[in-house]
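Undergrad: no sequence for this one, just the structure:
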């Protein structure tokens, strides 16, 4: 069965610092991988997705993620965090007719 | 485009009451989903639909029912509400089959007392 692990429940970074959120997945074939962001009281919004091709994926709001098949990872990065990036981030895996499985989320706090 | 809309935003129910959570999308998506989100648990799929008239169970369907009479609407029915159904409910839709990008509504926060 497919699964997603986000090992960090909570991360705190200073504004302007770099950010990396970890995501490991388990999937039997080539996965579709997603990162979503959820601001307080809102629904989830897609940041970026990987289906195939270039393993470094660019998304909205200056985020990027790198697919590493050998490590079953899809970590999310941003070089310089802004206070408005404070939110909860969800990694997800799916593929074709396989339903999407979401991780448990990582809450990001940004210190001024 | 309004995208995916959900009503109500908030609701308090007493144990044993029933209610319907409404979901409408205006993107002509065939695929629609209902999730519940509990703290620290991520999103769990309740039911999904691959088109009008076709629905199927997800991971946690017990205590819920759905129908899909039109492409746009996918209501979720709670019969005999229980405290375990206290949660935030999200409706989503997608263009392509189940494993693709989904568009989410703003959610309904439900409390059962």
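TA: Nice, I can see it. The shown structure was predicted, so the numbers you read here are calculated from the model rather than taken from an experiment.
Undergrad: How about the residues of chain A by chain B?
TA: With the criterion set to C-beta under 8 Å from any C-beta of the partner chain, chain A comes near chain B through A:4, A:9, A:32, A:34, A:36, A:41-46, A:49, A:90, A:94-100, A:102-105. Placement of C-beta: from N, CA and C, glycine included.
Undergrad: Just the ones in helices from those, please.
TA: Secondary structure assignment by DSSP state H places none of the residues of chain A next to chain B in helices.
Undergrad: Type out the PyMOL command that picks the buried ones from these.
TA: The buried residues among the residues of chain A next to chain B can be selected in PyMOL (16 or more other C-beta atoms under 10 Å in any protein chain shown) with this line:
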select buried, chain A and resi 4+32+34+36+43+44+46+49+90+94+95+98+99+100+102+103+104+105
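Undergrad: what residues does chain B put near chain A?
TA: Residues of chain B lying near chain A by C-beta under 8 Å from any C-beta: B:4, B:40-43, B:45, B:48, B:58, B:90, B:92, B:97-107.
Undergrad: Name the helix or strand for residue B:60, please.
TA: Assigned by DSSP states H and E, residue B:60 belongs to no helix or strand.
Undergrad: Check what contacts the helix or strand bottoming out on mean pLDDT in chain A and list those residues.
TA: Across the helices and strands of chain A, the lowest-confidence element by mean pLDDT, DSSP states H and E is strand A:98-102, at a mean of 85. When contacts are defined by C-beta atoms under 8 Å, 6 or more residues apart in numbering or on different chains, strand A:98-102 is touched by residues A:2-4, A:27, A:32, A:34, A:36, A:90-94, B:42-43, B:45, B:48, B:58, B:98-99, B:102.
Undergrad: Also stretch A:42-54?
TA: Stretch A:42-54 has contacts (C-beta under 8 Å, 6+ apart) with A:30-39, A:57-61, A:63-65, A:67, A:74, A:76, A:89-90, B:4, B:43, B:90, B:92, B:101-107.
Undergrad: switch the cut-off to 7 Å
TA: The contact list for stretch A:42-54, computed with C-beta atoms under 7 Å, 6 or more residues apart in numbering or on different chains, reads A:30, A:32-38, A:57-61, A:63, A:65, A:67, A:74, A:90, B:90, B:101, B:104-107.
Undergrad: are any of those residues buried, and which?
TA: Looks like the contacts of stretch A:42-54 have A:32-38, A:57, A:59, A:63, A:65, A:67, A:74, A:90, B:90, B:101, B:104-105, B:107 buried, using 16+ other C-beta under 10 Å.
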